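3D, please:
(2 chains)
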Amino acid sequence: MIIIPFLLFLSLAPVIANVFGVKHSYRTGTITFSVVAVMSLYLMLDGYMSYHAVGQYVAVGIDPLTSGFLMILSTVWALASLYSTEYDQNSTSNSLTYNTAMFAMVILLFSRSFPVFLSAWETMTISGYFLIGMRKIVGPIPPYVFLVYGELSTLFIIAMGSAIFFQTGSMIFVHGPYNEILLFLGIMGFFIKMGVMPFHITEWLPIAHGNATTNGSILFSATMTTAAVYSILRFVLLAEPGIFLGSLLMGIGAFSLLFASIYSASSEHVKMLPAYSTIENGGAMLILLGAFIIASDSGFPDIAAFALAGLMVFVLAHSLAKCGLFMFSGIMEKASGSPEIKDYHGGSNSTFYGAGGVLNSLSLSGMLPLGGGIGEWMLLETLFILSIIGNSPLSLLSTVVGAAAALGGGISIISMTKIFGYGSRGAHEGKRREGTMRTALFLAGIMVFLTGILSTFYIMAINPLVQEFTGVGTLGVISGLLIIPDGFLVTSHSPAGLFGVVSPFFVALFIALFSGFMILIGRKFRKREVSTWNGGILEETTLNSFAYANSLRLTMKRLYLTREEREGNLYSEKTFDAFWLAVVFLSRKTVEFSRAMGRAVMNSSLAAYVFYIMIAFFLVMIYVVS
Amino acid sequence: MNPGDQITGRMRSGEKQFVLRGYGNPLWSELRSGEEKREDFMICDGRYGEISQGSDVFNLAYGPSTGGLEESVRFNIYTYGERILSIVAEPHYKDRRIVMTGTDPVTALLRIERINGSYSPFYSTLFLTALESLGDAGNDPDLGYARILMNETARMVDHLHVIGRLAEGAAQRVASHQIFALREDLLRIVSARFGHRYFFGVNGYAGLTRKVDFKGISVEIERVASQFREIWLKLEESRIFVDRIQMTATVRKPWLLGPAARGAGYRTDSRISSNGLPYGDLDMQIPIHESGDSLSRALVRKDEIAESASIIRAVEGLIRQVPDAREITEKSFEGEYTTRTEAPGGDAVMWIAVAKSRMEAFYLRPPSIQNLAAFCSGISGNVLTDFTFGFESLGIHVSELGGYL
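Model (predicted):
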């Protein structure tokens, strides 16, 4: 009974602590969200469920899905708050909006009615707007872009909510089935928060996330997108959609994943690059979500359970690693004072900094045995299995989506090696402490590492969650084989039997054993430094980050709209987001049309204005009644 | 103004190369045939290429000591990744200056032969032709044919080397090694017949210094040419080879020389425009290709290997008795003379000034000057991987870009 109020109080505590100072609020956040993370882990393992409704409009609840996501988000918030204690020491407005946004997301997870959900969603959006807008170095456009797209997402959700209200007669979340088109309308709202197609192509998310403070970017990229995934999952589980929506999600996910990875690789902005990576991860999560829906609807609960487990692994790995990557880029940005990767000469020589950076970026590259690698493996396994279960259109879709996912995953290596490589080449001059920031980054990396090697236990831990929605749970996914004991092997199953296996713990063990052996025979664990051989000359050529990804800009010049400009011997190469240009074009045309209409129809004509109001009112009435 | 004065002045000031620009230059008519006068005649003054700048542009240094280059040359590649915006070559990284002034003609000949071993018969012929003119040694046709035979054989050797390097750069290692093996066969034929694989010491004043058996040499050379044809047919079937060299390092400048010019559609060849050697007695074809890219230049060289074999066959039949070389020290030389020839890389011009049988001034304009400039021009706009194809297709010899004192 008191679990939800207690968790809400813990989440509200950092907001209240803001009264005592910025540092206190972040310290409080670190402690309280650590407690929330541990509690929610316990609640998930316990399969704890609770529901409270007040009247017809207010309802909150907790179930394994809520506690599973709360555990992930609160872990990230605890790390981000620890990082913020050093990152942001004097901006009360930033800490207030930051803590408010987190509290709003907690309410979102607990919400079981549209009014509560929308209030939380809107609070989260407005807090995000202030997180960007109150930054002095940011111009008016990024916060405005964030607000516009945030409100657009709210509109979509309102549209879905009102449609469901008219279908079910309740503002409280009730089980469907819902009309798939209406459900998709609402999901579009969540797509906006994730920045996925068709909204990723409008570049709004990188603009907004890239211009926030680092702790703000962590909130946006690592947790708001996760909250959007949670929301989709919540409504999908209520609505019980079919193959149509599942296929749509898979297609949109594949498109988003591929294009975001391409734009991420070419990005030269230290925060936009991870922001594009967020869209890419969002795409991967949508694919798994779509696969889960298709497998559920097609009568393959084992595959559905595997896909849902894969989704939860991906969500955890993405949230932690993205949190870590933004911390890494934040340290780089502070060190160099520039948002351009090409200006970096490394953020720090610290081992914590390097280890944290490499673990997080490798996970986001999809490398085993890290969490991102396990998630990507489960994604591809799901698609492989779906492609052979006998349904031709589904096989074709799975194959195409799988190809896009694999290609996007490959391209993500470019972006991750770029940001890590250029961010870890040494340290900028000057004395800086940044001890706490580096510690938080290192902790994020360690968690990503543990998420990977202990993913079998995490998959077992989410058994109640998966059991609730698929009826089969995840225990069948975990087993042992030959020398690998039970509980250390992730297995995938097709209807014909065992399909694939991977043991992240043993992958890590073998790497450690071989590395240890090499250190043993080399006797010393030492760092060797050799001077660069550069054609026999002393000068050193530096391959800048722009050049690192320029082969992509040239080979995909139709996509990037790569344009070379030359004035004498002065060269510059520019790329453009084709979709963003399309949005700008449409916006301009809309403004021109509106002005023309305004001049032609409502040119100080009261009669025309009244007529317009009546028509608008009439159309709204038609929508409401229908 | 005496054209030589300008050169002499520059040579004496120790400059590595001289610049000859514009129609107004009196040396123009000496150095270029009428057809080639259409535009500004460009020779670099120790600088090749242009520097590029820009916000993301950086200088990617390649060479002077790297596995991809046979000789010591440094390239500053201006790029913002993948695409070469422009390139600046520094061939004088290992600065070589050959002292010619003040030497006697015998010593000068020894040094000239070693400027570029691959072009040894061409440069020794240029020098000896100039000396023979100054010494009124006459113009023996058999000696002319023998020199043509030597030059055409050396041309084949160089063309095989260039195509072999090109094939190697385009990852055709089997073909590359086979072509290098053919080149070695040819060098051994030369060594057996002429006493030295690079013709060192055989070319003499008004004759040859060794007794050379020319009989049957064309058969041996034709065998090499025939084997090369077979390899080339296989190379042409390789899409990898063709795709890599086609449309790369395209250059179509009017100042191009040799295979670079003929590969760009210009019908220019000093063998027909110069009266140094009796090429006019032969029915000689000049291969022309139009594209101006690395493939076109390779095709020109391929055709020229066959054409050289044909010329060798023709001159072998014409040679009756090649005179023995006379002692240079017998004569006293005075004056200056300009000669030219078509080396494998293109038109080569030599100007010498002799006073009291001592070299007073020496100038050699080797084709590699223009070929290096052509490379810098043509490779701009290409991607980094095209560098090798462009460079190797032009057959540049960095050794001959040194200066002379």
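
As a check, name the ranges of all helices in the stretch 51-200 of chain B.
B:105-113, B:120-134, B:141-169, B:173-194 (DSSP state H, counting those that start in this stretch).

And the stretch 1-150 of chain A, by the same measure?
Using DSSP H, counting those that start in this stretch, helices in the stretch 1-150 of chain A cover A:3-17, A:22-46, A:64-87, A:92-110, A:114-133, A:141-168.

helices and strands around the shortest one, which ones?
In this structure, helix A:3-17 packs against helix A:22-46, strand A:50-54, strand A:58-62, helix A:64-87, helix A:92-110, with contacts taken as 3 or more C-beta pairs under 8 Å, 6 or more residues apart in numbering or on different chains; DSSP states H and E. For glycine as for every other residue, the C-beta is placed from the backbone atoms N, C-alpha and C.

Among these, which comes closest to chain B?
The closest of these to chain B is helix A:64-87. By C-beta to the nearest C-beta, the value is 29.4 Å.

how far off helix A:3-17 does the closest one point, in degrees?
20 degrees (axes from the mean of the first three to the mean of the last three C-alpha atoms, to 10 degrees).

Quick one: distance of helix A:64-87 to the chain centre.
Here helix A:64-87 shows a centroid-to-chain-centroid distance of 14 Å under the convention C-alpha atoms, centre = their mean, to the nearest Å.

Get me the contact residues on the stretch 51-200 of chain B for chain A.
Counting by C-beta under 8 Å from any C-beta of the partner chain, the residues of the stretch 51-200 of chain B close to chain A are B:51-66, B:74, B:78-83, B:85-86.

List only buried entries from those.
B:52, B:54, B:56-64, B:66, B:74, B:78-83, B:85-86 (16 or more other C-beta atoms under 10 Å in any protein chain shown).

Just the ones of those in strands?
B:54, B:58, B:59, B:60, B:61, B:62, B:74, B:78, B:79, B:85, B:86 (DSSP state E).

of all the residues you listed, which two lie farthest apart?
B:54 and B:74 (21.4 Å; C-beta to C-beta).

that's a strand at residue B:348, yeah?
Yes - with DSSP: H, G, I helix; E, B strand; the rest coil as the criterion, residue B:348 is part of a strand.

what sits against it?
Listed by C-beta atoms under 8 Å, 6 or more residues apart in numbering or on different chains, the contact partners of residue B:348 are B:119, B:122, B:123, B:126, B:270, B:340, B:341, B:342, B:364, B:365, B:366, B:367.

now residue B:286
Residue B:286 makes contact with B:262, B:267, B:269, B:272, according to C-beta under 8 Å, 6+ apart.

Now tabulate these in JSON lines and tack on distance to chain A, pLDDT and secondary structure.
What follows is the contacts of residue B:286, written out as JSON lines (distance: C-beta to the nearest C-beta, whole Å; pLDDT from 0 to 100; DSSP: H, G, I helix; E, B strand; the rest coil):
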{"residue": "B:262", "distance to chain A": "31", "pLDDT": "95", "secondary structure": "helix"}
{"residue": "B:267", "distance to chain A": "33", "pLDDT": "88", "secondary structure": "coil"}
{"residue": "B:269", "distance to chain A": "35", "pLDDT": "87", "secondary structure": "coil"}
{"residue": "B:272", "distance to chain A": "39", "pLDDT": "81", "secondary structure": "helix"}
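
quick one on the thing from earlier: out of the helices of the stretch 51-200 of chain B, flag the one nearest residue B:322.
helix B:141-169 (4.6 Å).

what helices or strands is that closest one leaning on?
helix B:120-134, helix B:173-194, strand B:207-208, helix B:217-237, helix B:239-245, helix B:294-318, helix B:387-393.

out of the ones you listed, nearest to residue A:220?
helix B:387-393 (43.7 Å).

Determine if any part of that closest one is in contact with chain A.
No - judged by C-beta under 8 Å from any C-beta, helix B:387-393 makes no contact with chain A; its nearest approach is 13.1 Å.

Give me the contacts around that helix.
So helix B:387-393 is in contact with B:62, B:68-69, B:75, B:77, B:84, B:162, B:165-166, B:168-170, B:244-245, B:248-249, B:294, B:297-298, B:375, B:378-379, B:382, going by C-beta under 8 Å, 6+ apart.
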